[in-house]
Each structure stands twice: as C-alpha cells, then as structure tokens.
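Asker: structure of the sequence below:
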Amino acid sequence: FTLCSDDMVPGDTNYKMNPPLRTREDVEALRQALHDDVFEVISTDHAPHTTEEKSTTMRKAPFGIVGLETAAALTYTELVETEILTPRERSGRPSAEAKSSSGMKSKRNERKEPMINKLIANIKKTNAPIVVGLDPMLSYVPEQVQKKAFAEYGETLEGAAEAIWQFNKEIVDHTADLIPAVKPQIAMYEQFGVPGLAAYEKTIAYCQSKGLAVIGDIKRGDIGSTSAAYAVGHLGRVQVGSKTYSGFHEDFATVNPYLGSDGVKPFLDVCREEKKGIFILVKTSNPSSGEFQDRMVEGRPLYELVGEKVAQWGSELMGDDYSYVGAVVGATYPEMGRTLRKIMPKSYILVPGYGAQGGRGKDLVDFFNEDGLGAIVNSSRGIIAAYKQEKYASFGAEHFGEASRQAVLDMVQDISGALEAAKA
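Answerer: So this is what the prediction gives:
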C-alpha cells in the first residue's frame, strides 16, 4: 500500500485512508470495494486503539491485529491479490475516462504482474535459485517450541498447529532476505486437521508479507468440477453470493497430470485469469518414480511425453521470458533433467531432491538455461531441520533458525559455485 499524498498519487485516483480492519468482514468489504474498482489505493497506519487490544497477544486480538507491523503484514497479505497499486504502477495506468470503457476483469488482469515474473525477479535479486520447503514434522520442531505451544493449547491438534506455525515463522524470519520463495507441503499441515490447515494458510500469508513467492505443494489431480474447485481454492477466487474470496491464495501450485488435460485445464484457466502458475509433475525424485514415468510409449519414455505437453500448455501462458506452466523434475535424475530442459526451454523447473535425497549442486547445472535461469532448487529438511545435522550442531536447538540460515547460505554457495564452474 502507499501513503496517499498529492505528489505520490495522481489526482484522479480513488483511494481509501485508514479503512477499518478489525474483523474479517471489514477486510472482505475492503477487498470487494477494490475488486469492484470503487477505489484503487489503500493507505493505513492501523494500530491497536483500545486498551484491551494493546494488552492482548497477537493471537487473541481481534483478527490478529496488534500494532503497525502486524497490521501492515495483514493488510498486504489479505489485499495484495486485489491489485493494490504502488505509485509507480499507478502512474502507468490509463486515465479514469479511458479505463471506464473496459470490463473489470480485463482491468484487473492488465495491472497484475505475472507471478512467474515476480519469482524470476526475486531469484535475480537474491542471486539464489532456491526454494525452502516448509514441511514441518513435529519431530523437527525443537522441544522448547513444542513445550510453549502445548503449555497454551495442550497436547492437541491446536497445540501441534501452533508449534509448527511458530517453527515456520522462526525459519522464515532468519531466511527471508536470502531466498526468493518457499514451498509448504500441505500434507504436513493436513495431518493436524483443521488447525493444521489454518497454520498452512497463516504460513502462506506471512511469507507473502515478506515478499516471498509461495509454491503450494498440493499435487492435486482430478477432473471437471473437482479439479476446478482445487484450482479456485488454491490459486483463484471462490464466489460467495455477491462476493469473492481467495482461500489459500498461493502463488503457484504443484499439479499431478495423470488424468491428462481434463485435470490440468482447470488450473490453466485459473492461472490465465489470476496470472499465477503451476508446476506439473514430470519426473519426480523418488526411487520408484520409474515404475510409471520411465515406461516406454512408442519408443520414448513417458516423462518425455509429459514434458512435451507441459511445453505445449505453457506456450499459451507466457510471462516475459518463461511460461506460467513449470515442471517438477527431481535432482536425483540429472541426465533426464538435461533432456527435459531441451524439451521445455520456456518452462521453469522445480527441482526437489537436493541435499537430504542426494542431489548436489554439480548435478543440477543442466537443469538451468544458459541465462542462469530456468530452474529453482528445493531443499526441505536439509534447511528446516539443519540444526539436527552434525554440520550445524554447534547452533543447538535453541538457535535452529540461525542453523537454517547457514544451511541456506551453504546451499546457495554450492549451486552458484557449480553454475560458475560450468561457465568456465
């Protein structure tokens, strides 16, 4: 959001100063107003106003609003998808007269930046083609974090969800300035039921407030209305009466293509509308992936045929240089990655399997294009549970966030070094 002074925002801009943000209803009303183009820019310095608000914790305050920093994060994550504009973005928009002739959907899409462009910009900014997998098993969460959560909520699903949320937050706080993106695996949250899913969404919102791209590792695959519901729930907006809501609001999602185009097309439709992205499973890192993915079909392995479909789907949804449709190709299969890189030159490759599963920087060079882009490498437990490794044991469980930060630095050095060596 922006401060709305005359020298920062053109005079024909409709903006709202200090809107109420005390309840979810307040936020949704504000979101709807932006959606309907009632106004275009939001400015807020919301902080607690009542004695009760000031004396309660963030968790217990109305809608989690306590203080400027928290309110800023909430406002950004709740409203960013409704196209709040910075002054620079606003200055390039058409006049009120010109824009009134177009429909709301086209106006919204014109002023959205494709998420693949943002991901690439983040990678260039950090010089770190990596993504941290936020896959928190309770066994990864240090004892002191668990004890604090259980003291407040008991040994319950709510207590477990609080523990993994606090664990995630600490890791993000220590690594957000080093990385372009995170990838929470939804199963690790679903195991804790509804409270776990609430922690999943909370994690997404917090990471987006830090400027990180979020890849929802959901691996959905179905057909028809079911696939459409998955796509809307994770990447789009669901219609409720006269209003629309973004459910989990990830920036990207992983998709299983086993059901063919019927399962993928609903995601493509939402990506086109929202300018978000997907990563389609092509050649996964697990040992048994070859049982199906390596099967020969008319003389070629199945994963190559899937890769060709990914390239075809992506050709219709392009960002500046890369498509909205990426692929998942495991670091444990570098030779196959080399082949798939040629088949999908405009698709970003999400590469799992680094570190704990055996992938190393020197194995990953061929996943990248000559421009040094085209791939983003995931590490999950190698980073979030780094403090458990002998290499980082000196940090101890008390400083697990610092151990994760060092693991990120080491990973960046390994991959960057390998890419530089390949150029020599």
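
Asker: can you show me the helices along the stretch 151-300 of the chain?
Answerer: If DSSP state H, counting those that start in this stretch is used as the criterion, the helices of the stretch 151-300 of the chain fall at 157-175, 187-190, 193-209, 224-235, 261-274, 290-293.

Asker: so which elements touch the first one?
Answerer: Counting contacts by 3 or more Cβ pairs under 8 Å, 6 or more residues apart in numbering; DSSP states H and E, helix 157-175 packs against helix 143-153, helix 187-190, helix 193-209, helix 381-384, helix 400-423. Any C-beta I mention is one placed from the backbone N, CA and C, and that applies to glycine too.

Asker: tell me the most buried of those helices?
Answerer: helix 381-384 (a mean of 24; mean count of other Cβ atoms under 10 Å).

Asker: wait, K346 touches W313, no?
Answerer: No: applying Cβ atoms under 8 Å, one finds K346 not in contact with W313, separated by 10.9 Å.

Asker: quick check: neighbours shared by the two?
Answerer: S323 (Cβ atoms under 8 Å, 6 or more residues apart in numbering).

Asker: compute the number of surrounding residues for G299.
Answerer: Neighbours of G299 under the rule other Cβ atoms under 10 Å: 5.

Asker: compute the distance between it and A311, please.
Answerer: 19 Å (Cβ to Cβ, to the nearest Å).

Asker: and the nearest residue to G382 once chain neighbours are set aside, what's its pLDDT?
Answerer: Nearest residue to G382, sequence neighbours excluded (Cβ to Cβ, 6 or more residues apart in numbering): G355, at 3.2 Å. Residue-level confidence at G355 comes out at 76, pLDDT.

Asker: one more: A47?
Answerer: The predicted local confidence for A47 comes out at a pLDDT of 48.

Asker: cool, I383 as well?
Answerer: Taking I383 on its own, its pLDDT is 96.

Asker: SS state for S347?
Answerer: Three-state call for S347 (DSSP: H, G, I helix; E, B strand; the rest coil): coil.

Asker: my guess is it contacts G314. True?
Answerer: Yes: in terms of Cβ under 8 Å, S347 counts as a neighbour of G314; the distance is 5.2 Å.

Asker: what's the pLDDT at K423?
Answerer: You'll see K423 listed with a pLDDT of 79.

Asker: ranges for the strands of the stretch 301-424 of the chain?
Answerer: For the stretch 301-424 of the chain, applying DSSP state E, counting those that start in this stretch gives strands covering 325-329, 349-351, 375-379.

Asker: for K124, which of the ones you listed is the nearest?
Answerer: Using Cβ to Cβ as the criterion, the shortest distance between K124 and the strands of the stretch 301-424 of the chain is 11.9 Å, found for strand 375-379.

Asker: and that closest one, how far out from the chain middle?
Answerer: Mean-position distance between strand 375-379 and its chain equals 13 Å (Cα atoms, centre = their mean, to the nearest Å).

Asker: and if you look at stretch 182-199?
Answerer: Here stretch 182-199 is found 14 Å from its chain centre; the criterion is Cα atoms, centre = their mean.

Asker: what does that stretch contact?
Answerer: 131-137, 156-158, 160-162, 164-165, 168, 172, 200, 203-204, 207, 212-218, 350, 378, 380.

Asker: ok, of the residues you listed, which come out buried?
Answerer: By neighbour count, with 16 or more other Cβ atoms under 10 Å, these hold 131-136, 157-158, 160-162, 164-165, 168, 172, 200, 203-204, 207, 212-218, 350, 378, 380 as buried.

Asker: how about L157, what does it touch?
Answerer: Applying Cβ under 8 Å, 6+ apart to L157 gives the contacts 192-196.

Asker: low-scoring stretches of the stretch 1-150 of the chain, by residue?
Answerer: Scanning the stretch 1-150 of the chain for pLDDT under 70 picks out the ranges 1-111.

Asker: do the same with the stretch 251-400 of the chain
Answerer: Using pLDDT under 70, the stretch 251-400 of the chain drops low at 356-359.
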